[in-house]
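[1] Compute the structure for the input listed below.
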Amino acid sequence: MAVLNQRSLARCLLFAYTLGLCFFYTSAELQRFEHPTKVDKSLSFLVVGDWGRRGAFNQSQVAFQMGIIGEKLDIDFVVSTGDNFYDNGLTSEEDKAFEESFTKIYTAKSLQKQWYSVLGNHDYRGNAEAQLSPVLRKIDSRWLCLRSFIVNSELAEILFVDTTPFVKAYFTDAEGHTYDWRGFKSRKAYISNLLKEVESTLKESTAKWKIVVGHHTIRSVGHHGDTNELTQWLLPILQANNVDFYMNGHDHCLEHISDSDSPVQFLTSGAGSKAWRGDIKGLNRGGLNFFYDGQGFMSAQFTKTEAEIVFYDVFGKVLHRWNMVKQLHQSI
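    Next up is the predicted model:
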């Protein structure tokens with residue numbers, strides 16, 4: 001069903017674009033995908049971001065360790081936080097970078113599960129729509145990438161948010177790059193409608209765990225720091241709707257920051273390949289629990305009442321472990 005929905009969506013996009021109808025995703029309802037929990041009602045997955053470099057910059061080594069941890073945890077799926085293909089996304093659906101940076105790298109048996117992916121700013125520098133195409137699912141059935149969508153399980157609701165259009169600089173060419181904004185008639189309308197969808201989804205959710213995934217940071221002491229547009233527009237919605245975790249990439253590091261005004265935990269997993277050694281800002285930032293400026297990834301495990309977040313380096317060493325017990329009144 002997921003494949004059929006994506007194919008139909010892609011055809012609608014192609015038809016609309018051919019006719020010059022640039023209104024795609026300005027008001028569309030978010031697609032939902034059901035992912036069952038295990039027999040014991042637990043849920044586990046890995047989170048990795050900023051990875052697609054044909055195995056270079058330790059991408060292959062990170063993938064190898066992901067395979068080991070993935071088997072140990074019996075993961076249900078993998079979450080990619082964006083910047084899936086460097087430096088400038090994919091050129092087309094036939095771009096060999098897809099197989100050379102994804103299929104031929106994440107070969108472990110435990111990683112042959114569904115991958116849920118969002119687009120990052122580097123993905124938008126190429127043919128962004130190529131990554132959304134169902135053609136890639138024919139090449140590798142694990143791949144599922146949409147701009148924004150929802151994954152439901154019995155334990156958690158995971159809302160994937162397309163954060164790149166929030167950043168104004170990408171539209172004004174302030175960074176000197178070209179971005180694939182086909183299908184965007186109005187940035188303002190796109191953001192407004194997406195925020196409405198996010199807010200209504202979170203308000204209506206009865207999930208025991210609420211998780212939001214985006215590419216860009218909300219809180220970070222890494223290279224890019226906080227994303228001002230997200231702290232202004234998205235963060236208040238997360239705080240008001242009892243979101244437990246915001247998971248992202250963008251900064252090529254691993255970090256855990258606790259929000260000072262709500263229970264939200266900010267988890268950065270953007271160290272899938274190239275990392276920036278020594279590039280850290282705001283060492284005295286309140287709420288900073290953990291920061292690591294090398295390659296690695298993250299795991300997330302959930303039961304009805306407990307969550308465990310673990311960060312690993314390129315050798316599979318545990319760098320940071322954090323546990324949370326869900327209070328009864330939050331689960332009602």
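
[2] Can you pull the poorly scored residue ranges out of this protein?
    Along the chain, the parts satisfying pLDDT under 70 run over 1-28, 174, 282-284, 328-332.

[3] As a check, name the ranges of all helices in it.
    In chain order, the chain shows helices spanning 2-18, 59-73, 97-98, 121-124, 128-132, 135-139, 169-172, 187-204, 228-233, 235-240, 328-331, with DSSP state H as the criterion.

[4] Show me what counts as buried in stretch 48-60.
    Of the residues in stretch 48-60, 48-55, 57-60 count as buried by neighbour count, 16 or more other C-beta atoms under 10 Å. C-beta here means a position set from N, CA and C on the backbone, and glycine is covered the same way.

[5] Let's have those in a markdown table, adding distance to Tyr124.
    Below are those laid out as a markdown table (distance: C-beta to C-beta, whole Å):
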| residue | distance to Tyr124 |
| --- | --- |
| Val48 | 19 |
| Gly49 | 15 |
| Asp50 | 14 |
| Trp51 | 16 |
| Gly52 | 14 |
| Arg53 | 17 |
| Arg54 | 20 |
| Gly55 | 23 |
| Phe57 | 21 |
| Asn58 | 25 |
| Gln59 | 20 |
| Ser60 | 25 |
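
[6] Identify, from those, the entry nearest to His216.
    For the buried residues of stretch 48-60, the minimum distance to His216 (C-beta to C-beta) is 10.5 Å, reached by Gly49.

[7] center of this protein, which residue is that?
    Thr81 (2.7 Å; C-alpha atoms, centre = their mean).

[8] quick one, phi psi at that one?
    When quoted as degrees, to the nearest 10, the phi and psi of Thr81 stand at phi -90, psi 20.

[9] go on, Arg147?
    Here the main-chain torsion angles of Arg147 (degrees, to the nearest 10) amount to phi -70, psi -60.

[10] mind checking how far it is from Ser133?
    If you measure Arg147 against Ser133 using C-beta to C-beta, to the nearest Å, the figure is 13 Å.

[11] With Gly316 instead?
    Gly316 sits 34 Å away from Ser133, going by C-beta to C-beta.

[12] Verify the contact between Glu100 and Gln59 for me.
    No: between Glu100 and Gln59 there is no contact, the gap being 10.6 Å when judged by C-beta atoms under 8 Å.

[13] How far off centre is stretch 279-297?
    19 Å (C-alpha atoms, centre = their mean, to the nearest Å).

[14] Stretch 100-113 too?
    18 Å.

[15] Pull up the distance across that stretch, start to finish.
    Between the start and the finish of stretch 100-113 there is a gap of 18 Å, counting by C-alpha to C-alpha, to the nearest Å.

[16] What are the neighbouring residues in contact with Ile75?
    In this structure, Ile75 makes contact with 44-46, 110, 113, 299, judged by C-beta atoms under 8 Å, 6 or more residues apart in numbering.

[17] Would you point out the most distant pair within those residues?
    Spatial extent of the contacts of Ile75 (C-beta to C-beta) is set by the pair Lys113 and Ser299 at 13.2 Å.

[18] Tell me how far Phe166 lies from Thr227.
    If you measure Phe166 against Thr227 using C-beta to C-beta, the figure is 7 Å.

[19] ditto for Glu157
    The spacing between Glu157 and Thr227, counted by C-beta to C-beta, is 23 Å.

[20] Could you check which of those two has the larger neighbour count?
    Each of Glu157 and Thr227 has its neighbours counted (other C-beta atoms under 10 Å); Thr227 has more, 24 against 21.

[21] Arg219 is in contact with the more buried one, correct?
    No: the criterion here is C-beta under 8 Å, and Thr227 misses it with Arg219 at 9.1 Å.

[22] before we move on, the earlier item: with distance to Thr178 added, can I get the helices of the chain in a markdown table?
    Supplementary listing: those in a markdown table, determined by distance: least, C-beta to C-beta, whole Å:
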| stretch | distance to Thr178 |
| --- | --- |
| helix 2-18 | 18 |
| helix 59-73 | 25 |
| helix 97-98 | 18 |
| helix 121-124 | 9 |
| helix 128-132 | 11 |
| helix 135-139 | 22 |
| helix 169-172 | 10 |
| helix 187-204 | 16 |
| helix 228-233 | 20 |
| helix 235-240 | 29 |
| helix 328-331 | 44 |
